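Colleague: The following block contains a protein sequence and its predicted model.
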Amino acid sequence: MELQVHGKQMDVGSALRTHVEDKLVDVNDKYFNHTTYATVTFSREGHGHPQTRAHISIQLGKNLLVVADATEKDAYSAFDSASEKAAKQIRRYKRKIRDHHERSESSPEEEIMKGRQYILAAVPEQDDAPEQDVNFEPAIIAEMDNNIMTLSVSDAVMHMDLTGEQAVVFRNRSNGNVNVVYRRSDGNIGWVDPENQK
């Protein structure tokens with residue numbers, strides 16, 4: 001497993017690097033043993049009572065990423081909390097992750113659609129603001145290439161849970177349609193499967 005440990009506006013010493021490496025190797029050996037690479041980033045959060053945030057990103061295989069974050073008083077506690085979250089996610093989907101890995105190893109390359117992802121600037125709400133112009137167009141503040149994978153609905157939900165995203169756009173393996181799964185405000189998962197796509 002290739003491991004990168006970074007600090008944003010803070011120094012990451014060799015003792016912390018060793019702690020991170022030992023813990024991630026244990027998680028990898030215990031649950032999956034196919035991790036390609038992992039990135040851990042530490043940063044300071046808050047003013048007055050600073051805390052440390054640990055962000056972990058673990059690539060388990062092709063198109064399969066686990067992301068976990070935690071904020072605690074010190075870097076060790078933050079990393080331990082984040083790594084426990086990542087381990088819990090991997091443990092929850094252990095069988096599906098292994099099936100995904102075996103399927104991607106044994107099957108020919110599945111078609112991946114190319115797409116564009118845009119991030120739009122938020123419009124601040126103001127109580128005394130006049131009515132919005134009907135021709136208002138939000139500013140695009142970021143534009144990126146994005147792959148749209150071919151997945152089953154349950155695999156799309158797994159990807160959403162592992163990455164912590166609020167929604168996943170995917171091509172439905174059973175019918176070829178572009179679908180969306182998303183996290184609803186009530187905590188349940190929504191699934192959009194448009195009909196009659198061409």
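Modeller: Noted; the coordinates are in hand.
Colleague: okay, CA-based contacts and neighbour counts for the rest of this
Modeller: Will do.
Colleague: At the geometric centre of this structure, which residue do we find?
Modeller: Using C-alpha atoms, centre = their mean, the residue of the chain that lies closest to the mean C-alpha position is T163, 2.2 Å off.
Colleague: dump the residue contacts of that residue.
Modeller: T163 makes contact with 65-68, according to C-alpha atoms under 8 Å, 6 or more residues apart in numbering.
Colleague: just those now: which is nearest G48?
Modeller: Ranked by distance to G48 (C-alpha to C-alpha), those are led by A68 at 25.1 Å.
Colleague: does the closest one have beta-bridge partners, and which?
Modeller: I56 (DSSP bridges).
Colleague: surely it meets E165?
Modeller: No: under the contact definition of C-alpha atoms under 8 Å, A68 does not touch E165, with a separation of 10.8 Å.
Colleague: Compare neighbour counts for those two and give me the winner.
Modeller: Neighbour tally, A68 and E165, criterion other C-alpha atoms under 10 Å: the higher count belongs to A68, 22 against 13.
Colleague: quick one: contacts for the more buried one?
Modeller: By C-alpha under 8 Å, 6+ apart, the contact set of A68 is 55-57, 82-83, 85-86, 163-164.
Colleague: Give me the neighbour count for N188.
Modeller: The tally of other residues near N188 (other C-alpha under 10 Å) stands at 8.
Colleague: Then K73?
Modeller: 14.
Colleague: Got the phi and psi for it?
Modeller: Note on K73: backbone dihedrals following degrees, to the nearest 10 are phi -70, psi -40.
Colleague: ok, now which ones touch the nearest residue to it once chain neighbours are set aside?
Modeller: Of all residues not flanking K73 in the chain, Q51 sits nearest, at 4.7 Å (C-alpha to C-alpha, 6 or more residues apart in numbering). Q51 sits next to 44-45, 71-74 when contact means C-alpha under 8 Å, 6+ apart.
Colleague: Report pLDDT for Q51.
Modeller: Q51 carries a pLDDT value of 92.
Colleague: can you check S106 too?
Modeller: On the pLDDT scale, S106 gets 51.
Colleague: Any buried residues in stretch 70-83, and which?
Modeller: 70-72, 75-83 (16 or more other C-alpha atoms under 10 Å).
Colleague: for the record, mean pLDDT for it?
Modeller: The average pLDDT for stretch 70-83 rounds to 94.
Colleague: In this structure V12 contacts Q4, no?
Modeller: No: using C-alpha under 8 Å, V12 is not in contact with Q4, being 11.2 Å away.
Colleague: related to what we said a few turns ago, identify the farthest-apart pair in the contacts of Q51.
Modeller: Going by C-alpha to C-alpha, the pair spanning those furthest: E45 and D74, at 10.7 Å.
Colleague: Can you pull the residues that touch both of those two?
Modeller: Common contacts of E45 and D74 (C-alpha under 8 Å, 6+ apart): 51-52.
Colleague: What about F170, how many residues nearby?
Modeller: Neighbours of F170 under the rule other C-alpha under 10 Å: 23.
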